[in-house]
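Enquirer: Take a look and give me a structure for this.
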Amino acid sequence: MKPGFSGCAGGPRRSAAEYASAMTRRTLALFPLALLLLAPLHAAPPAAPAPASPVAPAPAKAQPGKYLALSDVDYVALLPDPPKVGSPYARGELELVLAMQKQATPADIERANSEDKMTPRIFADVLGESFSEEKFPATFAWLNQAAVDSREVTEAAKAHWARPRPCDLDKRIQAKVGKPKNEAYPSGHSTRAIMWADLLSEIYPEQAEALRARARVAGMDRILAGVHYPSDVSAGFALGEALAVKMKANPACQKDLAAARGEKK
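Expert: The predicted structure is shown next:
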C-alpha cells in the first residue's frame, strides 16, 4: 500500500475525510493558529457551470498561459501580506511548525515525501487506485496544464513577498522533504492541491468534500515537513480556489474538462 490514509500497521484504511478530521483535531490541540488550515482567507467561490460541449480530444502538452495568464490574477489584492519576520504572529507560527514536527509519525513523514513532487495521483486516495495518468490521460493532461498555469502565478507571488521558509529561520526546524529554493508565501503545493480538488469536483461532485479534505492534508504535510507556515498554506488555499474559478471560465479549460469528463467510469 502506498503512503496515504492508513491507520496503524495492518489497520483499516481510512478515507481522506476521516484522515483530515483526525489530523485537524490533533493540530488544533497544539495551537489555535491551526484554524488557518481549515478556513481559507476567502470563502470558496461558486463553481462554474458545467459545459454543454461534447467530449473533445485530450489536450496537447502543457504550455504556460493556456487557461490563465499572469495578468488575470491580482494576487496582491487577493492575499494579505504574510506576518512579518520576528512578529509575535510569526513566532507563534514557528512554534506550531516545531510542534507539528515533534508529533509527526514516520508515516506522516513518508506521506509528506511522497507528495514532495506532487501530481494529481494523490487523489487516488479518494478516487481509487485506478486513478492514474495511464488510465485517465485526458484528465491528467487537463490537471497538469492547470498546474503549469498556476505555477506562474505562485512563483510571481512568492517573489513579491519573498518570505523565508521556517527551516531557514529556526535551526530547531528541519526540512523533512527536499528543501525548496524559492520563497514560502503562498504555498505552491497548497495552491495546486485545492485547485485540483475544485477542478476534479466538476467531474466527481459526489466526492467534492473528500477531494478537498485530501488537498488539506497535502497542505498540512508541508507544515510538518518544515517548509511552510500555516499562513502560507491558508494563502495557497485561497489562491488555488480563485485560480480554479478563473480557469473554469476559460473556453480552452472547458474544452479539456469535457474530454476529462468523458473518462469518468
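Enquirer: So for stretch 151-159, what gets flagged as buried?
Expert: Residues of stretch 151-159 classed as buried by neighbour count (16 or more other CB atoms under 10 Å): 153, 154, 157, 158. All C-beta atoms are positioned from the backbone trio N, CA, C, and that covers glycine.
Enquirer: Out of those, list just those in helices.
Expert: 153, 154, 157, 158 (DSSP state H).
Enquirer: Residue 189 is in contact with the second one, correct?
Expert: No - Residue 154 is not in contact with residue 189 according to CB atoms under 8 Å; the separation is 9.3 Å.
Enquirer: can you list residues touching both of the two?
Expert: In terms of CB atoms under 8 Å, 6 or more residues apart in numbering, residue 154 and residue 189 are both contacted by the residues residue 236.
Enquirer: sorry, back to before: closest to residue 193 among the ones in helices among the buried residues of stretch 151-159?
Expert: Comparing these against residue 193 with CB to CB picks out residue 154 as the nearest, at 11.8 Å.
Enquirer: Distance of the closest one relative to residue 200?
Expert: For residue 154, the distance to residue 200 equals 19 Å [CB to CB, to the nearest Å].
Enquirer: Regarding residue 94, what are the backbone dihedral angles?
Expert: phi -60, psi -40 (degrees, to the nearest 10).
Enquirer: Compute the number of surrounding residues for the nearest residue to it once chain neighbours are set aside.
Expert: Nearest residue to residue 94 in three dimensions, chain neighbours excluded: residue 170, at 5.1 Å (CB to CB, 6 or more residues apart in numbering). By the measure other CB atoms under 10 Å, the count of residues near residue 170 is 16.
Enquirer: For residue 170, which residues are in contact?
Expert: Here residue 170 is in contact with 94, 97, 98 (CB under 8 Å, 6+ apart).
Enquirer: What is the linear distance spanned by stretch 114-126 between its boundary residues?
Expert: Stretch 114-126 has an end-to-end distance of 16 Å (CA to CA, to the nearest Å).
Enquirer: Next: stretch 220-236.
Expert: One end of stretch 220-236 to the other measures 11 Å (CA to CA).
Enquirer: Go ahead and confirm residue 111 touches residue 224.
Expert: No - Residue 111 is beyond contact range of residue 224, at 9.4 Å (criterion: CB under 8 Å).
Enquirer: pLDDT on stretch 194-211, on average?
Expert: Stretch 194-211 comes out with an average pLDDT of 97.
Enquirer: Any buried residues in it, and which?
Expert: Going by neighbour count (16+ other CB under 10 Å), the buried part of stretch 194-211 is 194-204, 207-211.
Enquirer: Equivalent analysis for stretch 108-118, please.
Expert: 108, 109, 111, 112, 114, 115, 118.
Enquirer: go on, stretch 251-261?
Expert: Buried-residue list, stretch 251-261, by 16+ other CB under 10 Å: 253, 254, 255, 256, 257, 258, 259, 260, 261.
Enquirer: Worst mean pLDDT across the helices and strands of the protein, which element?
Expert: helix 16-28 (a mean of 47; mean pLDDT, DSSP states H and E).
Enquirer: helices or strands next to the helix or strand that that helix is followed by in the packing?
Expert: Where DSSP states H and E defines the elements, the next helix or strand beyond helix 16-28 is helix 75-78. Packed against helix 75-78 by the contact rule (3 or more CB pairs under 8 Å, 6 or more residues apart in numbering; DSSP states H and E) you find helix 137-161, helix 230-248.
Enquirer: Show the average pLDDT along helix 75-78.
Expert: For helix 75-78, the per-residue pLDDT averages 97.
Enquirer: show me what contacts residue 81?
Expert: Contacts of residue 81 (CB under 8 Å, 6+ apart): residue 161.
Enquirer: whoops, residue 90 was the one
Expert: For residue 90, the contact set (CB under 8 Å, 6+ apart) comprises 83, 84, 229.
Enquirer: Dihedrals phi and psi, it?
Expert: Dihedral angles phi and psi of residue 90 (degrees, to the nearest 10) take the values phi -70, psi -40.
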